[in-house]
Structure formats: C-alpha cells, structure tokens
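In: sequence-free structure coming up:
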C-alpha cells in the first residue's frame, strides 16, 4: 500500500511539473500576455529619423496622412487623420477606420491600441512612441508611385503586395498612354495649376498632388519649358501673379479649384480677365477645371484612379472639339 501510495504521489508530482512547464512554454510563445495574444515578431526599420523597432507584420496601423499608401499594399489601417476621409477614392476602405483628428489626438490613438504608428507630422512623436512603435515619414520622402509603394510595402511587411500593386498600375498606365496617343500631339505640353478662394494662382510640379503623378509620371506627358525650369527642377510649387500666367501656360491646362466653403468667385473673376481669354488653351477649349478633393490626393490608389479620369477626360474633350 505504501509503495502504491508513493508511486501515485510521484505521478501526481510529475503531472504537476509537466503542466507547469507547458504553461510556461505557452506563456513564452504568447509574449507572457495574460490576454493570450501571439508574440509579435519585431525588426529594425531604418527611418530618416533613426532606427525603430517595429512589427514584422503590423496588424493595427494608425497614421496621420498615409492611409491610402498603406491600403495600396493591403495593410490594415485602424486610425487615420481627418483629411483622408475626404478622399473619394478611399471611401470603401475608410468605412471601418477611426478619425484620429487633425492634428492627431494622442488620446484617440491610445484607444485604438495600434501596434504601429506612422506619421508625416512629428509634433507628437514623443507621446506617440509611448503607445506603439512610431515611424516618421516626412512629406515628399517618396517621389513617385513606385517609390511610395516600395516604401510602404517595406514598412507594412507587404513586399509581395507592393509588387502586385505596381504590376497592375504599370499595366493600367500603359493602356492609358495608348488610349490618349491618338488624340493628343506628341509635342503637346501639360500644366497643373490651382486657383484658390483667396484669388491665388499656383503652378505645380509632378509630386504635389493635383494629378501630377498621373500626368507627368504615369502618362509621361510633358510640362511647358517654364514649368520645367522653375518648378519641376526645384521641386517647389510656385505662386503666379496674373500677369505671368501666360509664361507658364500649357497647351492643356488642368486647374483645381480650391474653394472649400463653396462661396468664392475668384475663378469666375479670373475667367473674365483678358489674360485668361487670350490663353491658347482657353481658345482651343483645352482647359479642365477639376474638383480639389478628387485631384489633391497623391497616394497610389488615388493616382491610379486619376490616370483613368485624365485619359478619359482628354479623349472626350478632343471628340467634342472635333464636332
């Protein structure tokens, strides 16, 4: 009896020991979290602001300006700055995304429990770092769609998704080029401009939204020499006085109308001027007045959609002009 009792006792102790080891191993694989979350595999990301330890495959991303960039590589964005919600090309993707404000509300970010934060604006970085690994990607870090997709595919651990997006994008750009080849002169010039509610008139380069990446990069269309020299090479947009608009004018002029309150008459006033009426693009009906919300965005998804819109716009206008 004593022998049997001793054996039974040893078996119980052995079972307890195995159970304890199993529990310990389970805890280690989940990062010791009582909630049972899987352990997050981390890596070092070399950002422009220094090295940051980030998840290899982040699952809950919060960003101020880069929702579209992350969506293009299939990443999960749970929180975004306010301006992304005005982007007509992201309506479906933004349905389940929480608005974290503009500027970003640290409290709202904390509520979302992100495992990665990526921001353009670094004013709250020290506070955000305490919530989750935070990467700063300054404005204009990437110069075109390909660079952008590669950059955010890397951050999101989605390099295959990035390659897939670019394959589709390049196919679309090639089809759009072919579509417009028969309706525009190969030497025609294209300019991007913006008229504001304050009466300011600006000219833009290829990487400041307003359809620039679609027109100059994807479709490979040319800017007028003056824009090429003063704006494209400097990488800066330029405010133009009304008197010098003819110097920067193009054969085809795309003008976004920045009029957020819908009350401004500055564009109507410009159209009434003799300077406007004497522009070749006006005389030949090759001026396009475009919606700000549609043409301001420059994330890869928006640029892809703008390629189609601009190609269709050019084909339609040329047909109208031939009647």
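Out: That came through fine. Keep in mind that what you see is a predicted model, and the values were worked out from it rather than measured. Numbering: from 1, shown residues only.
In: And residue 255, how far from residue 45?
Out: As judged by C-beta to C-beta, to the nearest Å, residue 255 and residue 45 stand 39 Å apart. C-beta coordinates here come from the backbone N, C-alpha and C atoms, glycine included.
In: okay, those two: which has more neighbours?
Out: residue 255 (21 against 18; other C-beta atoms under 10 Å).
In: For my notes, confirm residue 176 occurs in a strand.
Out: No. Residue 176 sits outside any strand when classified using DSSP: H, G, I helix; E, B strand; the rest coil, being helix.
In: residues of stretch 73-90 that come out buried?
Out: Neighbour counts over stretch 73-90 (16 or more other C-beta atoms under 10 Å) mark 73, 75-81, 84, 87, 89-90 as buried.
In: okay, how far is it across it, tip to tip?
Out: 14 Å (C-alpha to C-alpha, to the nearest Å).
In: Identify the residues contacting residue 204.
Out: By C-beta atoms under 8 Å, 6 or more residues apart in numbering, the residues touching residue 204 are 192-194, 210, 212, 231, 237.
In: what do you get if the cut-off is 10 Å, keeping everything else the same?
Out: By C-beta atoms under 10 Å, 6 or more residues apart in numbering, the residues touching residue 204 are 191-194, 210-212, 215-216, 223, 227, 231-232, 236-238, 254, 256.
In: thinking again about what came up before, which one of the buried residues of stretch 73-90 is nearest residue 138?
Out: residue 81 (15.1 Å; C-beta to C-beta).
In: Now find how far off-centre stretch 279-286 is within its chain.
Out: Put simply, stretch 279-286 sits 33 Å off its chain's centre (C-alpha atoms, centre = their mean, to the nearest Å).
In: which residues are in contact with that stretch?
Out: So stretch 279-286 is contacted by 184, 188-191, 245-246, 249-255, 271, 273, 275-277, 287-288, 314, 317-318, 320-321 (C-beta under 10 Å, 6+ apart).
In: In helices only, show me these.
Out: Of the positions in the contacts of stretch 279-286, 245-246, 271, 275-277, 314, 317-318, 320-321 sit in helices, assigned by DSSP state H.
In: May I ask which of those has the most neighbours?
Out: In these, the most neighbours by other C-beta under 10 Å go to residue 314, 24 neighbours.
In: Could you report the distance from that residue to residue 183?
Out: On the measure of C-beta to C-beta, residue 314 and residue 183 end up 6 Å apart.
In: before we move on, back to that, what about the contacts of residue 204, which are in strands?
Out: Using DSSP state E, 191-194, 238, 254, 256 are the members of the contacts of residue 204 that sit in strands.
In: Around the closest residue in space to residue 247 that isn't next to it in sequence, how many other residues sit close by?
Out: Nearest residue to residue 247, sequence neighbours excluded (C-beta to C-beta, 6 or more residues apart in numbering): residue 226, at 5.3 Å. Using other C-beta under 10 Å, residue 226 has 19 other residues around it.
In: How about residue 130?
Out: 9.
In: Over to residue 243?
Out: Residues lying near residue 243 (other C-beta under 10 Å) number 8.
In: how far away is it from residue 278?
Out: 12 Å.
In: what's the answer for residue 267, then?
Out: In terms of C-beta to C-beta, residue 267 sits 17 Å off from residue 278.
In: The two: who's more crowded?
Out: residue 267 (19 against 12).
In: ok, now which ones touch that one?
Out: Applying C-beta under 10 Å, 6+ apart to residue 267 gives the contacts 195-197, 199, 201, 255, 257-259, 276, 289.
In: List phi and psi for it.
Out: Reported as degrees, to the nearest 10, the phi and psi values for residue 267 are phi -70, psi -40.
In: Check residue 49 and give its pLDDT.
Out: What the model reports for residue 49 is a pLDDT of 83.
In: same deal with residue 34?
Out: 34.
In: try the one 5 residues further on
Out: According to the model's per-residue confidence, residue 39 sits at a pLDDT of 74.
In: ok, residue 205 - how many residues close by?
Out: Residue 205, neighbours per other C-beta under 10 Å, totals 21.
In: And the pLDDT at it?
Out: pLDDT at residue 205 comes out at 86.
In: Also residue 114?
Out: 97.
In: Tell me how this structure divides into domains.
Out: Listed domain ranges for the chain are 42-157, 174-322 (source: automatic domain parsing).
In: Tell me which of those domains lies nearest to residue 166.
Out: For the domains of the chain, proximity to residue 166 was assessed by C-beta to C-beta; domain 42-157 is nearest, at 5.5 Å.
In: before we move on, the earlier item: got a PyMOL select line for the buried ones in the contacts of residue 204?
Out: Selecting only the buried entries of the contacts of residue 204 in PyMOL, with 16+ other C-beta under 10 Å as the criterion:
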select buried, resi 191+192+193+194+210+211+212+215+216+223+227+231+232+237+238+254+256
